[in-house]
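1. This is the structure alone, sequence omitted:
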Ligand SMILES: [Zn+2]
């Protein structure tokens with residue numbers, strides 16, 4: 001049992017997890033197999049879907065198929081040779097208030113049926129419970145987790161340590177810290193049913209971070225009950241490595257068809273928006289006419305294909321360092337997901353610290369959502385903490401950004417530089433040229449070809465949040481540095497009056513002179529000549 005991380009992006013990891021039945025790659029989806037009802041047989045999962053892992057329920061097997069399962073072992077019982085994970089049935093106990101099985105029986109039963117990944121009998125917190133009850137579920141689960149060492153007799157199973165606490169984030173954090181101290185190979189976060197059913201993904205973001213920030217990072221994290229492919233990108237980006245999906249079968253039974261942006265009723269489909277093997281051979285009208293069982297089987301097959309397909313896209317995005325773009329695209333598939341992505345901004349410092357520093361390629365900025373990206377935060381922190389302007393620079397000249405990058409190679413900036421050299425002569429070094437630009441803020445000319453300042457594409461016109469962010473960065477930069485004077489070349493069509501107002505406020509605080517040049521066209525010949533004269537005056541002032 002080992003977890004080897006092969007590639008990373010944000011908090012996502014492509015990893016190899018070894019169980020006694022083989023190596024599986026994360027992020028990994030375990031289709032849920034109910035031993036009683038199987039729309040897709042485990043053997044088919046293995047043969048036709050290339051599925052190397054599944055999850056089933058130890059409680060249901062113990063209750064209905066105990067002897068056969070123990071006698072044959074779980075792999076023969078289900079007819080599946082890959083890695084099998086078993087859930088303890090804690091959820092069923094919660095629903096049916098069954099007290100027939102003890103924690104010890106469930107531990108020993110999972111060993112007896114030779115599962116690969118086993119789960120202790122935890123107490124799910126659920127939703128809408130009092131804090132007192134939530135605290136009890138955390139305490140009792142930790143107690144049972146500590147007792148595991150004495151209950152188990154084998155060392156070749158991977159054990160899952162569930163994290164409880166529900167919507168009480170302080171309890172989730174405490175639960176994660178305590179469980180993390182115990183010798184589990186995997187941790188799991190129980191996502192209460194309403195979080196998934198009512199699309200409370202913003203709550204889920206808080207819960208995942210509360211767990212993630214307090215668990216040992218080297219252990220995989222399983223997100224229970226997150227079977228809909230449209231939220232995989234978000235969960236993977238936040239560091240969830242393993243998922244189980246009952247959704248593929250549950251939705252199929254309700255004649256519902258999963259897509260990467262939501263769920264559609266079979267009744268309302270004119271076309272199948274998919275090219276999976278199940279959809280390719282037929283059309284919605286034909287499927288609607290099929291007998292119930294056949295229809296549900298086909299829908300379950302499609303639902304599973306679309307789930308695996310989304311995970312492969314996510315993994316490819318990780319290898320390209322483009323998971324943020326993919327997550328942002330998915331977030332626009334549903335308002336609840338967009339709301340959740342907005343919540344991620346709250347944790348951008350953690351994302352920046354824990355995520356890898358990649359230089360894999362260009363970055364796309366679609367809107368102010370991108371301001372929460374680690375690259376933006378990293379640039380801001382480094383500029384404020386580590387950067388000082390050249391010592392001979394007395395005057396800060398702020399130029400607007402140009403479409404061409406690096407900015408200093410643009411025709412516009414080159415013209416300004418030539419005019420400055422001509423007018424200022426050897427005093428040109430007293431002027432420090434910086435560009436104000438979205439999304440990074442102030443970019444000193446000597447840094448403008450540093451990754452990712454030039455390696456990004458941003459959509460114009462910028463939204464309010466982006467304009468305000470850049471204005472704030474300009475103000476912060478002026479406050480932090482010691483120039484004698486600030487001169488701004490305005491670009492009113494892009495920035496309205498925001499940058500000028502921010503400069504004026506910062507200069508007033510620092511009590512330094514501020515000049516703003518606001519001609520209609522910042523790059524007109526007359527503007528640049530005027531700018532050079534203003535600069536000349538500025539550098540010759542004693
Ligand atoms: Zn399909």
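-> That came through fine. Just so we're clear, the structure is a prediction, and the values are computed from it rather than from any experiment.
2. Relative to the ion, how far out is residue 378?
-> 40 Å (C-beta to the ion, to the nearest Å). In short, each C-beta sits where N, CA and C put it, glycine included.
3. ok, now residue 32?
-> Between residue 32 and the ion the distance is 19 Å, computed by C-beta to the ion.
4. same question, residue 142
-> 43 Å.
5. residues near the residue nearest to that residue when sequence neighbours are not counted, how many?
-> Distances taken as C-beta to C-beta, 6 or more residues apart in numbering put residue 178 closest to residue 142, at 4.9 Å, once the chain neighbours are dropped. Neighbours of residue 178 under the rule other C-beta atoms under 10 Å: 18.
6. residue contacts, residue 117?
-> Residues near residue 117 by C-beta atoms under 8 Å, 6 or more residues apart in numbering: 19, 83, 84, 85, 86, 157, 158, 159, 160, 185, 186.
7. if I read this right, the fifth one contacts residue 57, doesn't it?
-> Yes - between residue 86 and residue 57 a contact is recorded at 6.9 Å, counting by C-beta atoms under 8 Å.
8. Name the residue in the two with the higher neighbour count.
-> residue 86 (25 against 22).
9. Okay, and the beta partners of that one?
-> For residue 86, the beta-bridge partners are residue 56 (DSSP bridges).
10. From the ion, how far off is it?
-> Between residue 86 and the ion the distance is 29 Å, computed by C-beta to the ion.
11. Could you measure from that residue over to residue 60?
-> 10 Å (C-beta to C-beta, to the nearest Å).
12. With residue 129 instead?
-> Residue 129 is 24 Å from residue 60, by C-beta to C-beta.
13. Closest one of the contacts of residue 117 to residue 424?
-> residue 186 (64.8 Å; C-beta to C-beta).
14. Now the closest one. Nearest residue, chain neighbours left out?
-> residue 160 (4.6 Å).
15. Please report how far the one you found lies from the ion.
-> Relative to the ion, residue 160 is positioned 31 Å away (C-beta to the ion).
16. average pLDDT across the host helix or strand of that residue?
-> Applying DSSP states H and E as the criterion places residue 160 in strand 158-163. Predicted confidence along strand 158-163 averages 97 (mean pLDDT).
17. which parts of the protein sit against the ion?
-> Residues of the chain lying close to the ion (C-beta under 5 Å from the ion) are 274, 276, 279, 302.
18. any chance you could map the strands in the stretch 401-542 of the chain?
-> Taking DSSP state E, counting those that start in this stretch as the test, the strands found in the stretch 401-542 of the chain are 431-437, 441-444, 456-458, 485-489, 514-517.
19. if I've got this straight, residue 315 is in a helix?
-> Yes - read with DSSP: H, G, I helix; E, B strand; the rest coil, residue 315 is one of the residues of a helix.
20. list the contacts for the residue nearest to residue 108 when sequence neighbours are not counted?
-> Spatial nearest neighbour of residue 108, excluding adjacent residues (C-beta to C-beta, 6+ apart): residue 151 at 6.8 Å. Neighbouring residues of residue 151 by C-beta under 8 Å, 6+ apart: 103, 104, 107, 108.
21. and the third one, what is it in contact with?
-> For residue 107, the contacting residues are 118, 120, 121, 148, 151, 152, taking C-beta under 8 Å, 6+ apart as the criterion.
22. wait, which of the residues you listed is closest to the ion?
-> residue 118 (33.2 Å; C-beta to the ion).
23. Kindly tell me how buried that closest one is, as a neighbour count.
-> Neighbours around residue 118, by other C-beta under 10 Å: 26.
24. again, but for the one 10 residues further on
-> Using other C-beta under 10 Å, residue 128 has 8 other residues around it.
25. ok, residue 276 touching residue 305?
-> Yes - with contact defined as C-beta under 8 Å, residue 276 reaches residue 305; the gap is 3.6 Å.
26. No more questions from me, cheers.
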